[in-house]
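Participant: Would you be able to build a 3D model of this:
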Amino acid sequence: MAQHHKTPSQHNSSLFISPQVMTRKQDVFITPPNPQNNLFESPGSSSSSFYNIDNVSGTLRNDAAQGTGGPGEEPISRVQKLRLWRHEALLQHQYSTAEYIGDKILSMTNDPNDAFWLAQVYFETGNYLRVKSLLTSKSEYEQSVACRYLTAFSLIKLERWEDALDVLGETNPFSKEPSSRPRVTEYGIRFEASMCYLRGLIFANQNSYERAKEAYKEAVMVDVKCYEAFDELIKNDFLTPTEQWEFINYLNYSDADDNDELIKLLYTSRLSKYTNVPKFEEAESILKDEYRLGENGDIMLSKAEHAFVQCNYDQCLDICEGVLSKDPHNCNVLPYYISCLYELGGRNKLFLKAHQLADSHPTHPIAWQAIGIYYLSIKKVIEARKFLSKATLLNPNNGQAWIGFAHTFALEGEHEQAISAYAFAARLFPGNHMPNMFLGMQHLQMNNISLAEEYLLASHHICNSDPLLLNEIGVIYYHKNHLDRAEAFLQDALSAARYLNSESKTWISIHANLGHVYRRAGQYDKALECFHQALKMTHRNDANILSAIALVYLKIRNPFKAIDVLHDSLAISPDDPVASDLLKRALEANTETTSAFFQAPTALSDPSSVSIPARSRESSRRHSSTFGSAGKFATVFEDKPRDAPRERKTSEADTSDLAERLKRGEDSSDEEVMDTMNTHVPISRTEHKKRSFHDVKFNQDQDCFAVAHETGFSVYNTNPIDPRVSRTFNGTSSSGTGIGLISMLHRTNYLALVGGGKNPKYANNKVIIWDDLKRKASLNLGFMAPIRIVVILKNQVVVYEFSAPPKKFAAYETYDNEHGLADLSVHSTASSSSSPAPSSSSSLRSNNGTTREVPKYQILAFPGRTIGQIQIVDISPEGVEKNLVSIIKAHKARIRCIALSRTGGMVASASETGTIVRIHSTSSTALLFEFRRGLDRAVITSMSFSPNESKLAVLSDKNTLHVFNVGTSSETQLSDNLDGEVSSRKTPTNRQHILSKLQLPISIPNYFQSTWSFCSVNLSKYHTDVDESRGTTADLGTIGWAGNSNIIIIWKEKKIWENYSIVERVASATDKKKGDITEYELVRSSWKRLDNFSD
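Facilitator: All right, here's what the predicted structure looks like:
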């Protein structure tokens, strides 16, 4: 029996566990030969493989088969002959024979090598459970690295990811061995590298893509011949283009011996074509001239990819057809082939190829992807979505199918679903620029300029040569009125589009967009030149471009030519209200001006020279965030037809204002003929000349509050009201004194500050953590529980860890959050040494005396990415790990105010309408309460739950304060004050209209079924003694609680503190049988003027 050698290199290669047979000198072989060297090598030996590639013509002598040999040669044993039989059967795919003989060999030897090869037979026939059962049946098998590898691979085939990871280990156990491990001198792949590759597969299927990337990188670094891992890195774009080139130069090619140069050149041909194009072309030339690989399928595929990146679809299609002519079933080239057919309009070929793939490869994702793209080409979006969805199910890591799937939502204006699919593709393809590009285009469609710019610039960082991307960025800067930068990017787009067909919609869009930039910049000659160039390239006239040309003529005071062009535009699109509006103004200008005014500059081209057929056509406009654009991965954005807006009368403003009112036409490749410059500015707080207080915030426990003002900040205790600390900053030449935003951390000495006012202390885009004990900015903090810093931007909420330097913990996108809305619950375990223990007034007890269970999470609530939605996020470590995010569809209008209960179990919200307040459960997102504030429209300025979460206080700009009961009794509605019943639990009961109690045969309006507050007060009667002559700006109060029955209001403009108490009053009922009625009212028990600070 063979001995089991244990050496540090036993994980090197599977070639060392193959059966070995010495080659005879007299060659009479009938079957493929077995190699020379020893027969019974165990894992870790340095012998050659069982199939010696250097001796392909030898034969086995008859006396060898009989166990006799020449002088000096060892005879072949019975077991050796059986092993040869097993391997011959395995090579010839006679698996029953290999299994039958391999089983007998293992019974005779119990050798781990024989167990490995019998398991190989099981693996080839798909009996993965049998592989696992065999290789884990004995401890000596489990100790074999080869057996562990095959066991893990079988578990991966069974999609038992955790079990496979247990066999492999989460990290490479061999990485700590000395680097002087024996070098592989033959042709095998180290088991160490193969096991790293399997770890990468497991991590990728567990959606842990960063760990998968590191595992794949380690596999290739351990053994450069582990092409499987290299292929996963490249085809899934785990690395950015720059990282790919750095990685390829870092690899050790010495294991490839004299093939080291060839391997490096082959790997170079696989790298991203976004950068280092000369190096790729050099590698391609060497492979063609010195290695005669010019016609190799993989090398031709690299050429096709290069042409596709350059948007040279004609050349890419020719190369793909050349590859398919030699290998019709080469699936690697099909994504590029299908994309080119779509881009070039080859619907017939696309239809044929899709049917061929469906017949020959019905379970392959590329077949379903091809069918989906064909349906996109014929504008059947629903069918396309169905097939592309199937492609993503067959291969969840297919980024191209995910992008196509996202396009089907974008075509119908379903931005949220499209963004989700694009974002998933961005996770799958971090080194590909297209997911970020399409995310930017979607946000631009939603008018989120800042987010669109962020995504598009991130895409540009990966690829700076895509004409579609450069066009989109040019549009961004057009919207921001940065015309120089817009022109630069659009000129770059023209240069990058040199390979595009002149009829390409991307090419046309770039010219049209450049014309709009020149028009806005006042360069009318260049604008007309671009517009006419775009018009000629369409071969059919575009109503939007004609309207743009007419507008330029109006700008240069040539209404006669404007009228001529507008007639042509209306002949194409008779219902275009913009063209009709422009024509009306042009006619008015034509009748009111002198004949000299009508003469056009001689340098301008005449639009009448363009032949315009008087007919309309179907919409082929691309649905993108630009004036016009084209898609990639064989997808295109298209809009559903939209009804033309009603015609409006124009004002007497300057003609340039008309540009801002031109609408998007369905028929044009321009997304926006003359879109308004919708520049989104950061959230800022504009100060009134007389205003001193910039911001007021209660702490999490509501027992003190902080005031930000023009010269610093102050902190006050809530009840009783008294100053706790006041900081006045001294201005310098580099910094001012004003604080615009402030937030406290419980009752600690740490505050978050943002500069503001006329003379800000800090920049308004920086958050400063202020240590008032040291009276300086500080982040050297230590707490028993994790602390989070939440920063609210206009279109994003960012969470940072409280560390030095701050580390971004999470980021969430929002709809335009003009008012900086967000609320954070008090973490049940978050406390500090300086925070007092909760008092009885803030204990979390329900009305029946039982203690509520405090959840182990910390909830953050803020507006969602769609109007009326609220995002609920658990930002505790456990919550982030589990990705606990919920979406609540709270209102139809924009959210105006959000408030969380102390423990985060409930979230209250009000829309801009201000008549309805809704309370939802943050865990189930279910609607718990719906309250009516009033009938008139109002702005809800502040809401706050009481410490025991039994009441909700609501303050509006109508100077009304309402208090609603949200405790247990309000859910059951034990009594109705209007009927005079007395609640047995002595808890306030919200009021309802008397009609809601009547059994009427008809349905009554929702207004009469509403639930109203159990007490309210108009605050104006208390403010007659407050001097409000300081300014005309509306005063917005901020609510806090002092216990469960006292409400504190801080007014920034009035600079006062008020304490309102909920007072119980017993009134006699009219009906003596019903007894007395318990009612509640709000009474101002005290107030105090806060210290005045000079501006």
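Participant: Show residues contacting stretch 346-360.
Facilitator: 317, 329, 334, 337-338, 340-342, 364, 366-367, 370-371, 373-374, 377-378 (CB atoms under 8 Å, 6 or more residues apart in numbering). Any C-beta I mention is one placed from the backbone N, CA and C, and that applies to glycine too.
Participant: hey, where'd the helices end up in the stretch 251-400 of the chain?
Facilitator: 260-270, 277-289, 297-309, 313-326, 334-343, 347-360, 365-377, 381-394, 399-411 (DSSP state H, counting those that start in this stretch).
Participant: Now do the buried residues in stretch 943-953.
Facilitator: Of the residues in stretch 943-953, 943-953 count as buried by neighbour count, 16 or more other CB atoms under 10 Å.
Participant: Just put those residues in CSV and tack on distance to Ala527.
Facilitator: Output for the buried residues of stretch 943-953, formatted as CSV (distance: CB to CB, whole Å):
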residue, distance to Ala527
Met943, 51
Ser944, 55
Phe945, 58
Ser946, 62
Pro947, 64
Asn948, 66
Glu949, 62
Ser950, 65
Lys951, 62
Leu952, 57
Ala953, 57
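Participant: Mind exporting the C-alpha coordinates of stretch 114-128 to CSV?
Facilitator: This file holds the C-alpha atoms of stretch 114-128, laid out as CSV (Å, rounded to 0.1, in the frame of the first residue of the first chain):
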residue,chain,number,x,y,z
ASP,A,114,-8.3,6.3,-4.4
ALA,A,115,-11.1,7.8,-2.4
PHE,A,116,-10.5,11.1,-4.2
TRP,A,117,-10.7,9.6,-7.6
LEU,A,118,-13.8,7.6,-6.8
ALA,A,119,-15.4,10.8,-5.6
GLN,A,120,-14.3,12.4,-8.9
VAL,A,121,-16.4,9.9,-10.7
TYR,A,122,-19.4,10.7,-8.4
PHE,A,123,-18.8,14.4,-9.0
GLU,A,124,-18.7,14.0,-12.8
THR,A,125,-22.1,12.2,-12.7
GLY,A,126,-23.7,14.8,-10.4
ASN,A,127,-23.9,12.6,-7.3
TYR,A,128,-22.7,15.5,-5.0
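Participant: For it, what does the pLDDT average out to?
Facilitator: Mean per-residue pLDDT for stretch 114-128: 94.
Participant: Equivalent analysis for stretch 1034-1048, please.
Facilitator: The average pLDDT within stretch 1034-1048 is 85.
Participant: Likewise for stretch 1086-1095?
Facilitator: For stretch 1086-1095, the mean pLDDT works out to 63.
Participant: What of stretch 145-157?
Facilitator: For stretch 145-157, the per-residue pLDDT averages 94.
Participant: and what of stretch 77-90?
Facilitator: 92.
Participant: If we go by neighbour counts, what in that stretch is buried?
Facilitator: By neighbour count on 16+ other CB under 10 Å, the buried set for stretch 77-90 is 79-80, 82-90.
Participant: go on, stretch 1055-1068?
Facilitator: Neighbour-count burial for stretch 1055-1068, counted by 16+ other CB under 10 Å, picks out 1055-1060, 1062.
Participant: how about the residues you listed in a markdown table, adding secondary structure and distance to Ile875?
Facilitator: A markdown table is the format used below for the buried residues of stretch 1055-1068 (DSSP: H, G, I helix; E, B strand; the rest coil; distance: CB to CB, whole Å):
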| residue | secondary structure | distance to Ile875 |
| --- | --- | --- |
| Lys1055 | coil | 34 |
| Ile1056 | strand | 35 |
| Trp1057 | strand | 31 |
| Glu1058 | strand | 33 |
| Asn1059 | strand | 33 |
| Tyr1060 | strand | 33 |
| Ile1062 | strand | 33 |
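Participant: So which of the residues you listed is the closest to Gly905?
Facilitator: Nearest to Gly905 among the buried residues of stretch 1055-1068 is Ile1062, at 22.2 Å by CB to CB.
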